[in-house]
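A.B. asks: here is a sequence together with a model predicted from it:
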Amino acid sequence: MSEYVIAIDQGTTSSRAIVFDRKGTIVSSGQMEHAQIFPQAGWVEHDATEIWDNTREVIASALSKANLTRHDIAAVGITNQRETAVVWDRNTGEPVYNAIVWQDTRTQPIVDELAADGGVDRFKEKVGLPLATYFSGTKVKWILDNVEGAREKAEAGDLLFGTTDCWVLWNLTGGVDGGVHATDVTNASRTMFMDLKTLSWDLDILDAFGVPASMLPAIKSSSEVYGSVHTSQLLREVPVAGILGDQQAATFGQAAFQAGEAKNTYGTGCFLIFNTDTEIVHSKNGLLTTVGYKLGDEPAHYALEGSIAVAGSLIQWLRDNLGMITSAPEVEQLAASVQDNGGTYIVPAFSGLFAPYWRSDARGAIVGLTRYVNKGHIARAALESTAFQTREVLDAVNADSGVPLTELKVDGGMVANDALMQFQADILGVPVVRPVVTETTALGAAYAAGLAVGFWKDLGELSANWGEDKRWEPRMDEAERARQLRLWKKAVTKSMEWVDEDVK
């Protein structure tokens, strides 16, 4: 009898495979980073072929570390960076262009063009999203408009589009040899093409974007058998049975199944999701409306989301671009070398400001610099920027829901940083809670796959797996919290109105 489920976590900076047991405990894992390609300012790309090659390697690594074979695996789940767009040739399996990453801002002219008729909220009532470079719809249009021969091939029915879950699923189930071209409702809800009510592609919106419907994957639930792994692969004949976009997967892995429950994931970006159950709630405070999950034939569950573009990637920037640290964990030591931020604030608007501002004209800013400031203050300000951004998103969630959160569940790579988590609790004024298993993104995908094949029987069994590891209580007094927030908001205003016709 198969005793494990494997999750493929295709993230922004790496691809991982993690094997889980029935208790939701990690048994083994494999991980490989892929190249971050920056052809010019504002452009961010990945090599989709490299991602698929790495995916196969990490699966092999995870299995070999635990001395497992395909016979030990009940199902495969997939989770992924959600808005990153891949367009490939259905006949050759080759991408026609690098994957355009969710952080990429090159499509702002397309956003402006589409917004000329109806503004940035032109499609928001249907899709829950404002027109923005963030979502994959404009990226597909850019590829069709700018890659030679792409539009002709697309209109002839020869090209496929998908987010990276689609790309992995298609290749895993055979690629050109009968690969399944499908996505789930959570990823489909991040394209700008899916009607939130009908959970189907909106042909009028596709027509406005100039994207042929033949390119798009079938929309499935988050938990069902999509197909089996192809006989050429290591996991041959194992059912692929769960797909969730990374942030929805983390919410599912946190067992936040009920209305009013929320989590915050600290990864490359930072994403707070608030479960609104089966109700579609449109934000009045800069949040996105998205699908939270859908299990088989059951109704879809929806969510409000606060999307922060830059969190962990700011620490990467300190490491790779500035050389201030040699590894990400060093930032905590550097930040601990000073008592406070020295009056310095970093607004990491590398791709503009996401929630709750949605300002594409913003760019990164470091403010409050004096001769007193050293690299310790910079490191501390970098960490604190994530906490400040989360506070602004949580304020928006509280305003929209009318029911203030009393604690915040957290997960992702940065939650290992005690200094950041304490500051997060301080600046929120509510407790911050970390679960025993912090790899909740992969866990959520595993749960969705396991439910589909009966490995786990119901949500109650999953909830019973959740356990608290650590809790941070707020220690900052209200006057200091108010002062810090006032200065942060002032810093944010300094990042705005930077991009104009001469600055990209």
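C.D. replies: That came through fine. Numbers count the residues shown, from 1 in each chain.
A.B. asks: now name the helix or strand holding residue 160.
C.D. replies: Assigned by DSSP states H and E, residue 160 belongs to strand 159-162.
A.B. asks: quick one, strands of the stretch 101-250 of the chain?
C.D. replies: Residue ranges of the strands in the stretch 101-250 of the chain, as given by DSSP state E, counting those that start in this stretch, are 159-162, 182-184, 194-195, 200-201, 218-220, 223-228, 239-245.
A.B. asks: contacts only, for residue 32.
C.D. replies: When contacts are counted by C-beta atoms under 8 Å, 6 or more residues apart in numbering, residue 32 touches 14, 15, 16, 54, 57, 58. Any C-beta I mention is one placed from the backbone N, CA and C, and that applies to glycine too.
A.B. asks: kindly report the same for residue 2.
C.D. replies: Listed by C-beta under 8 Å, 6+ apart, the contact set of residue 2 reads 71, 72, 73, 74, 455.
A.B. asks: restricted to helices, list these.
C.D. replies: The helices, defined by DSSP state H, take in nothing from the contacts of residue 2.
A.B. asks: tell me which of these is nearest to residue 248?
C.D. replies: In terms of C-beta to C-beta, no member of those lies closer to residue 248 than residue 455, at 19.7 Å.
A.B. asks: the closest one touches residue 22, doesn't it?
C.D. replies: Yes. Residue 455 lies in contact with residue 22 (C-beta atoms under 8 Å); the separation is 7.3 Å.
A.B. asks: neighbour count: the two, which is higher?
C.D. replies: Counted by other C-beta atoms under 10 Å, residue 455 and residue 22 do not tie: residue 455 has more neighbours, with 21 against 14.
A.B. asks: residues contacting the more buried one?
C.D. replies: So residue 455 contacts 2, 5, 22, 74, 75, 449 (C-beta under 8 Å, 6+ apart).
A.B. asks: same deal with residue 449?
C.D. replies: Counting by C-beta under 8 Å, 6+ apart, residue 449 touches 5, 7, 75, 76, 77, 223, 239, 240, 241, 242, 455.
A.B. asks: report the angle between the one helix or strand it maps to and strand 223-228.
C.D. replies: Assessed by DSSP H and E, residue 449 sits inside helix 440-452. With axes from the mean of the first three to the mean of the last three C-alpha atoms, to 10 degrees defining the directions, helix 440-452 sits at 90 degrees from strand 223-228.
A.B. asks: may I have helix 440-452 as PDB, with CA atoms only?
C.D. replies: This file holds the C-alpha atoms of helix 440-452, laid out as PDB (Å, rounded to 0.1, in the frame of the first residue of the first chain):
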ATOM      1  CA  THR A 440       2.800  24.600   3.900                       C
ATOM      2  CA  THR A 441       2.800  25.400   0.200                       C
ATOM      3  CA  ALA A 442       4.000  21.900  -0.700                       C
ATOM      4  CA  LEU A 443       1.900  20.400   2.000                       C
ATOM      5  CA  GLY A 444      -1.300  22.000   0.600                       C
ATOM      6  CA  ALA A 445      -0.600  20.600  -2.800                       C
ATOM      7  CA  ALA A 446       0.000  17.200  -1.200                       C
ATOM      8  CA  TYR A 447      -3.300  17.400   0.800                       C
ATOM      9  CA  ALA A 448      -5.300  18.300  -2.400                       C
ATOM     10  CA  ALA A 449      -3.800  15.300  -4.200                       C
ATOM     11  CA  GLY A 450      -4.200  12.900  -1.300                       C
ATOM     12  CA  LEU A 451      -7.900  13.900  -0.800                       C
ATOM     13  CA  ALA A 452      -8.600  13.100  -4.500                       C
END
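A.B. asks: are any of the contacts of residue 32 buried, and which?
C.D. replies: 15, 16, 54, 58 (16 or more other C-beta atoms under 10 Å).
A.B. asks: in helices, which of those fall?
C.D. replies: Counting by DSSP H, the part of those found in helices is 54, 58.
A.B. asks: the buried ones among the contacts of residue 32 into CSV, with extra columns for pLDDT and distance to residue 482?
C.D. replies: Shown next, in CSV, are these (pLDDT from 0 to 100; distance: C-beta to C-beta, whole Å):
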residue, pLDDT, distance to residue 482
15, 96, 43
16, 96, 40
54, 97, 46
58, 97, 46
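A.B. asks: just flag the most distant two among the buried ones among the contacts of residue 32.
C.D. replies: Within the buried ones among the contacts of residue 32, 16 and 54 form the most distant pair, 9.3 Å apart (C-beta to C-beta).
A.B. asks: what ranges do the helices span in the stretch 251-400 of the chain?
C.D. replies: For the stretch 251-400 of the chain, helices defined by DSSP state H, counting those that start in this stretch occupy the ranges 312-320, 330-336, 375-401.
A.B. asks: now do the same end-to-end measure for stretch 354-369.
C.D. replies: 25 Å (C-alpha to C-alpha, to the nearest Å).
A.B. asks: ok, the most far-flung residue of the chain relative to its centre to residue 344 distance?
C.D. replies: Distance from the C-alpha centroid of the chain, by C-alpha atoms, centre = their mean, peaks at residue 371 (37.6 Å). Using C-beta to C-beta, to the nearest Å, residue 371 is found at 12 Å from residue 344.
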